[in-house]
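Q: got a structure for you, letters missing:
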């Protein structure tokens, strides 16, 4: 059978801020048969979205398709005029964006945006289009299919919006749909429902798909074939089963090995006599005006209690909105708790960081998720690391210089980076600097708030290894906050599961890895596995899903 | 939700009212601090100590400033702008015709400048980086950088002195035909349109570019929408708030900031009246003009804010 899409020797150029042109896609070939779902997988900057968008003859501002051919159903998209391309977009090839929350126009009703394609291409009357949309809403198992379209985008949840975006792509009965990381912004328990809905609709209508993702496990559930990309070039192509079983290219193997469970390794046993490093007792924290009972209106953390033993690590896991970051912020004193008490190494900690002594501040450091926003873009790496050295240890001149070199060495960064600014570093390098800044204080405890979430799988695994190594050398403890179970399992001795502001369960993986609480069970079972049959076999208790899954 | 929006709007109106009160306070005391004694100046050569004292008492100038403020404010609330010190005519009567003149000028400028700026701002945002965008940008920045008296005097020099097409002064009185109206208004309108549009074009362009760069406009283009459709249907509604504010800011300038233009063209508007009032130390006139400018400014800004509130479905 003839291929639906044939890309030959595709080249895309990008213009840098400095005005230099660089080739970001370097001669890529790609075929998609009718009804086939092909996944493009790779880390950020590998060109996967750029390639997918060229199928619609589109390049983002600043990019230019500079060579090759992109044949879609017999037409070369690159040779068409802008007006002719517009006739293909939405009609023959449609697009499901990464963040539906951003891709829906906030000032227009959902239904009008869903049926806009039929209006643009004059496919059917608005009444017919609405009827068809409602049918799609049902097929995508959206709640209240008749009424949901009349809402505005901010009135529905993220998971629902993502399915509505799929309905928007399906309404014109396209031959091909481009999915651009459609579930990346979703919680794992929500992701399952969305993936299932996508898969069912695609299989039923025989539409071909390009599925862009960085998550091999998600891709394994939905794709027929996988294309591994790196640096704008194809590294390896194979059917999903082939690639998972027998990856040839070293980069593919690296990606696969990032999925292998990495046990915590040797952990320090709890010394029976010693006092715990950190104790948190019935902590309540939140936002909004203080009520009559002295508690905030919106309680993001309710009565959380934790104990962290010296040299051990505590993981806090939960989905967006469960209060895990608020808990981290109130332990650090950035958001003073409204009730409860904190003890660090036997000494009572004030709730607000302002009232803690400099010594207490030094002992407890926090590292944030986004190194981009937590490192001052105007300062050099040297200044960023020098500041805590001066503040906590009064270091100056040569001693400080030597210590900065030492810190960079510890986090495996070259000394040559000293005079650079954060913008000149990669994401992984920035996160290492961010971590080195916390190390500069020589703390006993570091609170890590989603520090690997913004990093690519392989880079994140390296950061986790670094954290473990630092722990062995410096006798540190971590509180590790994440939504990603595999990351937490790799480094923590204890795992606390949070839901809706409350701690629902505490698990010690060394003793038992089986969660007891129904929500923990649901959460743990929702993490995608590399096995391509996992999604089809996964059975979830509908009652549980109804209780705990929003969206 | 409706009550929430009403609450927001009431809140906005309330804060405008409060601002107005504070401004009237500032206006009153700022003018009261002007050097020189009104009674002495008014009496001129006849300023014997007795006469001055008598006039001061008659004008309530001997009362504490706060009482005078309260009296003045109370009068304002009743619509009484006071009586001119200079020619003993109610200020309202002095202002009346002049106010109409200024509003007429402002109205004509608005009718020309707003559509012009919206079209230029939106199109230059759509074709960002093109030669067209660059020309519009260079021209608007050029116009912003040139002070208005420069534009006004150059216009007089060109159209009145060299070409002799238009009268240098704009006496609105002698209007016999439409052609004359056009001639009289041409130069003040051109000058003000230049000054006011430049800012609106820049801000409209920036607001539209902000929304064009959003994922939902990209999504619209990938649905097959033309560039026009993507901008007009998707980008523009989300830029209404900032654009309304840009327009209000620019237009508020027409209410109070036309002093230079009215002076140069000798146009009988309210700003010219205020300048005359300053030279004759006619405090009630100055205060009234200042309050009118302030009310105009506040009304426009408040209106823009309410438009922005209503345009946002998240609030609505």
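A: All right, it came through fine. None of the values given here were measured: they were computed from a predicted structure.
Q: okay, CA-based contacts and neighbour counts for the rest of this
A: Noted.
Q: out of the helices and strands in the chain, which is least certain?
A: Picked chain A for this. Least confident helix or strand, chain A: helix A:542-548 with a mean of 78, by mean pLDDT, DSSP states H and E.
Q: meant chain B actually
A: Scoring the helices and strands of chain B by mean pLDDT, DSSP H and E places helix B:38-43 at the bottom, with a mean of 72.
Q: next secondary structure after that one?
A: Using DSSP states H and E, the helix or strand that follows helix B:38-43 in sequence is helix B:49-58.
Q: would you mind measuring the gap between the ends of stretch A:226-240?
A: 6 Å (CA to CA, to the nearest Å).
Q: for it, what is the distance to the chain centroid?
A: Chain-centre distance of stretch A:226-240: 21 Å, with CA atoms, centre = their mean, to the nearest Å.
Q: quick one: contacts of that stretch?
A: A:24-29, A:38-43, A:45-48, A:219-220, A:223-225, A:243, A:248-249, A:251-252, A:532 (CA atoms under 8 Å, 6 or more residues apart in numbering or on different chains).
Q: equivalent analysis for stretch B:309-316, please.
A: Stretch B:309-316 is contacted from outside by A:106-108, A:152, A:154, B:1-2, B:4-5, B:9, B:237-238, B:240-241, using CA under 8 Å, 6+ apart.
Q: distance of residue A:511 relative to residue A:493?
A: Plainly put, residue A:511 is 10 Å away from residue A:493 if you go by CA to CA.
Q: whoops, residue B:186 was the one
A: Separation of residue B:186 from residue A:493 (CA to CA) stands at 81 Å.
Q: those two - which one has more neighbours?
A: Shown here are residue B:186 and residue A:493; by other CA atoms under 10 Å in any protein chain shown, residue A:493 has more neighbours (26 against 14).
Q: check what pLDDT that one gets.
A: Residue A:493 is assigned 89 on the pLDDT scale.
Q: so residue A:291 makes contact with residue A:298?
A: No - between residue A:291 and residue A:298 there is no contact under CA atoms under 8 Å: 9.7 Å.
Q: okay, those two: which has more neighbours?
A: More crowded of residue A:291 and residue A:298, by other CA under 10 Å: residue A:298, with 14 against 10.
Q: which of the contacts of stretch B:309-316 are buried?
A: A:106-108, A:152, A:154, B:9, B:237-238, B:240-241 (16 or more other CA atoms under 10 Å in any protein chain shown).
Q: what segments of chain B are helices?
A: Under the criterion DSSP state H, chain B contains helices at B:2-32, B:38-43, B:49-58, B:65-77, B:91-126, B:131-145, B:148-155, B:178-212, B:215-222, B:227-229, B:236-256, B:259-264, B:270-279, B:283-311.
Q: pull out the buried positions in the shortest one.
A: The reference is to helix B:227-229. Those would be B:227, B:229, for helix B:227-229 by 16+ other CA under 10 Å.
Q: which residues touch that helix?
A: Residues from elsewhere that reach helix B:227-229 (CA under 8 Å, 6+ apart): B:126, B:221.
Q: do the same with the fourth one
A: Counting contacts by CA under 8 Å, 6+ apart, the residues outside helix B:65-77 that touch it are B:24-25, B:28, B:60-61, B:81-82.
Q: I'd say residue A:47 and residue A:26 touch.
A: No - using CA under 8 Å as the test, residue A:47 is too far from residue A:26 to be in contact (9.5 Å).
Q: neighbour-wise, which of the two wins?
A: Neighbours were counted for residue A:47 and for residue A:26 using other CA under 10 Å; residue A:47 has more, 22 against 19.
Q: what's the distance between the more buried one and chain B?
A: Using CA to the nearest CA, to the nearest Å, one obtains 18 Å as the distance from residue A:47 to chain B.
Q: got a list of what that residue touches?
A: A:24-25, A:229-232.
Q: between the residues you listed, which sits nearest residue B:102?
A: Closest approach to residue B:102 among the contacts of residue A:47 (CA to CA): residue A:24, at 58.9 Å.
Q: now residue A:471: closest residue in space, sequence neighbours ignored.
A: Nearest residue to residue A:471, sequence neighbours excluded (CA to CA, 6 or more residues apart in numbering or on different chains): residue A:477, at 6.9 Å.
Q: would you mind listing what in chain B touches chain A?
A: Counting by CA under 8 Å from any CA of the partner chain, chain B comes close to chain A at B:214-219, B:221-226, B:234, B:237-238, B:311-314.
Q: and if we set it to 6 Å?
A: Proximity of chain B to chain A (CA under 6 Å from any CA of the partner chain) is limited to residues B:215-216, B:222-224, B:313.
Q: turn the buried ones among those into a named ChimeraX selection, would you?
A: To isolate the buried members of the residues of chain B next to chain A in ChimeraX, using 16+ other CA under 10 Å:
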select /B:215,216,222,223,224
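Q: what about the residue nearest the centre of chain A, distance to chain B?
A: The residue lying closest to the centre of chain A (CA atoms, centre = their mean) is residue A:453, at 5.1 Å. The spacing between residue A:453 and chain B, counted by CA to the nearest CA, is 22 Å.
Q: residue A:330 now?
A: Residue A:330 sits 30 Å away from chain B, going by CA to the nearest CA.
Q: ok, and what's touching the helix or strand where that residue lies?
A: Using DSSP H and E, residue A:330 sits within helix A:324-332. For helix A:324-332, contacts defined as CA atoms under 6 Å, 6 or more residues apart in numbering or on different chains pick out A:335-337.
Q: wait, a strand at residue A:299?
A: Yes - when classified by DSSP: H, G, I helix; E, B strand; the rest coil, residue A:299 is found to be part of a strand.
Q: show me what contacts it?
A: With CA under 6 Å, 6+ apart, residue A:299 has these contacts: A:285-286.
Q: pLDDT score for it?
A: On pLDDT, residue A:299 comes in at 85.
Q: cool, residue A:267 as well?
A: 62.
Q: residues near residue B:204, how many?
A: Using other CA under 10 Å, residue B:204 is surrounded by 29 other residues.
Q: how deep is residue A:467 tucked in, by neighbour count?
A: Look at residue A:467: counted by other CA under 10 Å, it has 18 neighbours.
Q: gap between it and residue A:474?
A: Residue A:467 is 10 Å from residue A:474, by CA to CA.
Q: same question for residue A:55.
A: 51 Å.
Q: just residue A:287 next, same as before
A: Per CA to CA, residue A:287 is found 36 Å from residue A:474.
Q: how about residue B:31?
A: Distance, residue B:31 to residue A:474, using CA to CA: 71 Å.
Q: about what we covered before: reformat the contacts of helix A:324-332 as JSON lines; add pLDDT, neighbour count and distance to chain B.
A: What follows is the contacts of helix A:324-332, written out as JSON lines (pLDDT from 0 to 100; neighbours: other CA atoms under 10 Å in any protein chain shown; distance: CA to the nearest CA, whole Å):
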{"residue": "A:335", "pLDDT": "89", "neighbour count": "18", "distance to chain B": "28"}
{"residue": "A:336", "pLDDT": "90", "neighbour count": "20", "distance to chain B": "30"}
{"residue": "A:337", "pLDDT": "90", "neighbour count": "25", "distance to chain B": "30"}
